[in-house]
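**Q** Compute the structure for the input listed below.
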Amino acid sequence: MQGLEELCPRLWRWTAPHPDWRPSPPGSSGDWDRDVGCVLYETDGAAVFFDPLLPPAPARFRRELDRRVRGKERVAVLTTIGWHRRSRDAIAERYRATTSRAKASLPAGIESVPIRGAGETMFWLPEHRALIPGDRILGGERGGLRLCPESWLDYLPSKIKRAQLAELLRPLLDLPIELVLVSHGKPVLRRGRASLERALRQAPSAA
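**A** I've put the predicted structure just below:
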């Protein structure tokens with residue numbers, strides 16, 4: 001676990017060990033790192049948490065969050081995917097935060113990007129050209145990106161495969177992405193669009 005790391009002005013990230021993590025072979029449904037990433041974004045009037053997970057014995061860390069939230073008119077907790085509710089309720093209770101990710105209720109400066117058929121809503125922060133995915137885009141080797149394993153898609157009603165997922169994600173390339181703040185793996189902090197384009201190119205063809 002680490003404290004808050006400021007990536008850009010008012011944009012913070014931290015990691016915490018997931019209590020349900022177990023060692024698993026690559027490509028399996030458990031193919032993810034023990035420490036997961038979480039994001040806090042401060043606007044002029046709001047503090048917004050994305051997929052937050054509080055660390056064990058979090059008293060000192062909570063005080064750090066308290067300093068970031070103090071004086072904000074609004075606090076929101078946004079989740080990219082159902083599996084990432086994590087500490088959502090605890091933070092919502094502590095700060096009386098809203099939890100809706102409906103477009104009409106999002107704080108100013110945040111855009112939702114639903115990936116229909118993939119069971120996920122990503123978020124886009126235009127100020128920092130930052131994309132926040134959940135389980136569909138992961139940190140890859142050498143600081144790049146990769147799509148999630150095929151086994152992570154098996155439960156979806158759409159029954160899509162990685163090739164179809166790549167097609168669903170391709171419109172993201174229309175965004176001028178610089179940062180990709182993944183939940184699983186290391187974030188991409190520069191040239192995020194190029195990293196995403198390589199990841200999509202490496203996915204199997206849908207043909």
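**Q** Figure out how far the one helix or strand in the chain whose mean pLDDT sits lowest is from the centre of its chain.
**A** Taking mean pLDDT, DSSP states H and E as the measure, the chain has helix 59-69 as its least confident helix or strand, at a mean of 91. In terms of C-alpha atoms, centre = their mean, to the nearest Å, the centre of helix 59-69 is found 20 Å from the chain centre.
**Q** before we move on, what about stretch 59-78?
**A** Remark: stretch 59-78 is offset 18 Å from the chain centroid, using C-alpha atoms, centre = their mean.
**Q** Residues in contact with it: which ones?
**A** 1, 3-4, 12, 14, 40, 42, 45-52, 54-55, 88, 91-92, 94-99, 101, 106-107, 110, 123 (C-beta atoms under 8 Å, 6 or more residues apart in numbering). No exception for glycine: its C-beta is placed from N, CA and C like everyone else's.
**Q** Would you map the strands across this structure?
**A** Secondary structure of the chain (DSSP state E): strands located at 5-8, 11-17, 35-42, 46-50, 74-78, 111-115, 120-125, 130-132, 137-139, 145-147, 179-180.
**Q** right, and those strands - which one's nearest residue 158?
**A** strand 111-115 (10.5 Å; C-beta to C-beta).
**Q** what's that closest one in contact with?
**A** Identification of contacts with strand 111-115 by C-beta under 8 Å, 6+ apart yields 101-103, 106, 120-126, 131, 136, 168-169, 172.
**Q** do that again at 7 Å, thanks
**A** Contacts with strand 111-115, where a contact means C-beta atoms under 7 Å, 6 or more residues apart in numbering, come from 101, 103, 106, 121-124, 126, 136, 168-169.
**Q** Just the buried residues of those residues.
**A** Buried subset of these (neighbour count, 16 or more other C-beta atoms under 10 Å): 101, 106, 121-124, 136, 168-169.
**Q** Same list, these, but as JSON lines with pLDDT please.
**A** Output for those, formatted as JSON lines (pLDDT from 0 to 100):
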{"residue": "101", "pLDDT": "90"}
{"residue": "106", "pLDDT": "95"}
{"residue": "121", "pLDDT": "97"}
{"residue": "122", "pLDDT": "98"}
{"residue": "123", "pLDDT": "98"}
{"residue": "124", "pLDDT": "98"}
{"residue": "136", "pLDDT": "96"}
{"residue": "168", "pLDDT": "97"}
{"residue": "169", "pLDDT": "98"}
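**Q** Out of these, which comes closest to residue 185?
**A** Nearest to residue 185 out of these is residue 136 (C-beta to C-beta; 12.5 Å).
**Q** That'll do, ta.
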